[in-house]
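>>> Model the following, please.
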Amino acid sequence: MIKKNNLIKSTIAVAAGLCLIALAAVSTHSDSRDTSNVLSPENKKPAACVGSVCYEIEIADDPRERERGLMFREELAGGKGMLFVFDREGKHSFWMKNTKIALDIVWFGADGKIVFISKNTPPCAADYCPSYAPDAPAKYVLEVAAGQMEAIGAAAGDTVKVEF
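Numbering: from 1, shown residues only. Here you go, the predicted structure:
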């Protein structure tokens, strides 16, 4: 019985050693493929795509973030934006109080269809600032630099695809 147990222990030790050798060989194997630009869950950034044009987005999905939005920003580069996410669809109004840059504001529903666009919405530093709202309910609002929606020819009825 002792010899049998020793034989089992020896077999397990040899098998474990072979596994370690195999793992070492795999981990030191060099792969010639360049994977530095491959998107993975660790390095993928959220994006909102209007047609074939995508914007890297910041997400404002709680009341405090939505209230602050893009206030006090000095610039917003082309290709960047902010996505406002609401709990339910509604005619969510926006104003440009303390916003220093002109924006395109795009309202769209849960189905991704654009319901309204406020193009070239001017900044407002006054105590009273006008509000901008869609005619139809929307669940999401995308803000990008002014002129972007005109440049790509976006209109109500077009689709926005959000990738998290």
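>>> how about the helix or strand harbouring I117 as CSV, C-alpha atoms only?
Using DSSP states H and E, the element containing I117 is strand 114-121. These are the backbone C-alpha positions of strand 114-121, laid out as CSV (Å, rounded to 0.1, in the frame of the first residue of the first chain):
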residue,chain,number,x,y,z
ILE,A,114,-32.9,61.4,-33.1
VAL,A,115,-36.0,63.4,-32.1
PHE,A,116,-34.4,66.9,-32.1
ILE,A,117,-31.1,68.8,-32.7
SER,A,118,-30.3,72.3,-31.4
LYS,A,119,-27.4,73.2,-33.6
ASN,A,120,-24.8,75.9,-32.7
THR,A,121,-26.4,76.5,-29.3
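>>> Buried ones in it, by neighbour count?
Residues I114, V115, F116, I117, S118, T121 are the ones in strand 114-121 that count as buried (16 or more other CB atoms under 10 Å). Placement of C-beta: from N, CA and C, glycine included.
>>> what packs against it?
With contacts taken as 3 or more CB pairs under 8 Å, 6 or more residues apart in numbering; DSSP states H and E, strand 114-121 sits against strand 103-108, helix 148-152.
>>> For S52, which of those is the nearest?
For S52, the closest of the helices and strands packed on strand 114-121 is helix 148-152, at 8.3 Å, according to CB to CB.
>>> Show me which residues of the closest one are buried.
For helix 148-152, the neighbour count (16+ other CB under 10 Å) marks Q148, M149 as buried.
>>> what's in contact with it?
V50, G51, V53, Y55, G78, D104, V106, I117, K119, N120 (CB atoms under 8 Å, 6 or more residues apart in numbering).
>>> And for C49, the neighbour number?
A count of nearby residues for C49, using other CB atoms under 10 Å, gives 15.
>>> just checking, it touches D158?
No - shown here, C49 and D158 do not form a contact pair, counting by CB atoms under 8 Å, at 10.6 Å.
>>> Can you give the domain ranges for this structure?
Per automatic domain parsing, the structural domains of the chain span 1-29, 47-163.
>>> how about the strands of this protein, start to end?
Secondary structure of the chain (DSSP state E): strands at 47-50, 53-60, 80-90, 94-95, 103-108, 114-121, 131-132, 138-145, 160-163.
>>> mind checking the end-to-end distance for stretch 66-82?
10 Å (CA to CA, to the nearest Å).
>>> ok, now stretch 152-164?
End-to-end distance of stretch 152-164: 22 Å, with CA to CA as the criterion.
>>> hmm, which helix or strand of the chain has the shakiest average pLDDT?
Taking mean pLDDT, DSSP states H and E as the measure, the helix or strand of the chain with the lowest value is helix 2-28, at a mean of 36.
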